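In: Turn this into a structure:
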Amino acid sequence: MGAAKTLAVVVAVMWAGTAAAAAAVYEVGDKLGWTIMNNPDYGKWANSKKFSVGDTIVFTYNKQFHNVIAVSKADYKNCDVTKPMATWSTGKDSVVLNTTGHHYFICGFPGHCAIGQKVDVPVLSSAAPSTAPSMAPTPSAAGGGSAGRAAAAAPSPHGNAASTVDCSFALTIAASVLSVAAASLNLL
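Out: Below is the predicted model of the structure:
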């Protein structure tokens, strides 16, 4: 009976580890980044992805010419930068998508939003329920570099795949648990 319980614990821990490693990191605009050059279609970019709670989007841009502002749906439609929910301006900004629903981002430089430098990121599902608290910093005044209500600092992207750090950590934990389980079953 003890071996069955140990096996159940091992399976549960392995499942939890793979769920935690499932979050993806996306570069906004892929290779083009966050820009007005070459007329990127951010709507097409966003629609080609399936965003889940816990995923990270990374805005890469020249901070002398662009920034990122989180806004409401109405402000997104009107390109209104006067009521930002959060502002980023480092040139390499990571935003963790912590809630389902639409997340609206625009460039606050004059005229950029009007010519298409804006993105509506639809988060449709949760990859896995999270028990960890959100680590979201408070929004900054215009020109700052902090994340807002539904955002937190995140790792740099590695393509459009899951974070290798999370995956390595989960595999290390799983291997440790398997070793303990095997030892308790006298398999080692």
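
In: partners of the strand ranked longest in the chain in the sheet?
Out: Determined from DSSP state E, the single longest strand within the chain is strand 118-126. Sheet pairing for strand 118-126, assigned by DSSP bridges, gives strand 51-53 (parallel), strand 101-106 (antiparallel).

In: Identify all contacting residues around it.
Out: Strand 118-126 has contacts (C-beta atoms under 8 Å, 6 or more residues apart in numbering) with 28, 42-43, 45-46, 50-55, 57, 76, 79, 97, 99-107. From N, CA and C alone the C-beta is placed, and that goes for glycine too.

In: filter those to the buried ones?
Out: By neighbour count, with 16 or more other C-beta atoms under 10 Å, those hold 28, 42, 45-46, 51-55, 57, 76, 79, 97, 103-107 as buried.

In: give me the number of residues near the nearest residue to residue 82 once chain neighbours are set aside?
Out: Among residues not flanking residue 82 along the chain, residue 75 sits closest, at 7.8 Å (C-beta to C-beta, 6 or more residues apart in numbering). Look at residue 75: counted by other C-beta atoms under 10 Å, it has 20 neighbours.

In: part of a strand, is residue 75?
Out: No - with DSSP: H, G, I helix; E, B strand; the rest coil as the criterion, residue 75 is helix rather than part of a strand.

In: one step back: can you lay out the strands paired with strand 118-126 as JSON lines showing distance to residue 91?
Out: Formatted as JSON lines, those follow (distance: least, C-beta to C-beta, whole Å):
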{"stretch": "strand 51-53", "distance to residue 91": "22"}
{"stretch": "strand 101-106", "distance to residue 91": "15"}
